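Engineer: Give me a model of this one.
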Amino acid sequence: MDAPTVLFANDAFYHAFSERDFSAMEKLWSREWPVLCIHPGWPVLTEHAAIIESWRRIFLNPATGTVTPHYARAFVYGPFATVVCYEEVQGVLLVANNTFAMEGGEIRIVHHHASHCANPPPPEMKSAPAVQ
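Structural biologist: Next up is the predicted model:
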């Protein structure tokens with residue numbers, strides 16, 4: 001696993017999120033590894049079915065806006081990688097962590113955590129380099 005490939009997987013995650021593409025989102029999540037998802041204001045989700053259902057509910061909510069990732073940085077740890085970034089949702093910045101693992105030759109997400117950001121980065125950081 002390398003950083004550019006992980007960043008591509010991270011982009012696929014945010015594309016599915018912004019397009020409300022439930023099928024794509026479902027395919028991105030691991031079925032073999034333990035999974036974890038923490039949406040802002042939600043309880044911790046640790047069951048695959050509960051996580052997939054959470055995305056269904058988010059996508060069906062008409063108030064859900066587009067999500068744009070900024071300043072994504074990938075950190076690779078052998079067969080795992082973590083991407084940290086900021087999510088822009090309706091003008092508000094959240095901080096997010098997405099962790100990926102190899103599964104059957106594909107990169108799958110095993111962990112997503114987004115939360116409010118007390119000290120967002122300055123606007124010029126949105127276009128900073130992504131690969132670390």
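Engineer: neighbours of Q90, just the number please.
Structural biologist: Other residues near Q90 number 9, with proximity taken as other C-beta atoms under 10 Å. No exception for glycine: its C-beta is placed from N, CA and C like everyone else's.
Engineer: Run through the residues that contact it.
Structural biologist: G65 (C-beta atoms under 8 Å, 6 or more residues apart in numbering).
Engineer: Which strands or helices does the longest helix along the chain pack on?
Structural biologist: If you go by DSSP state H, the chain has its longest helix at helix 3-19. Helix 3-19 sits against helix 22-28, strand 67-77, strand 80-89, strand 92-103, strand 106-116, with contacts defined as 3 or more C-beta pairs under 8 Å, 6 or more residues apart in numbering; DSSP states H and E.
Engineer: Of the ones you listed, which is nearest T5?
Structural biologist: Proximity to T5 (C-beta to C-beta) singles out strand 106-116 among the helices and strands packed on helix 3-19, at 6.5 Å.
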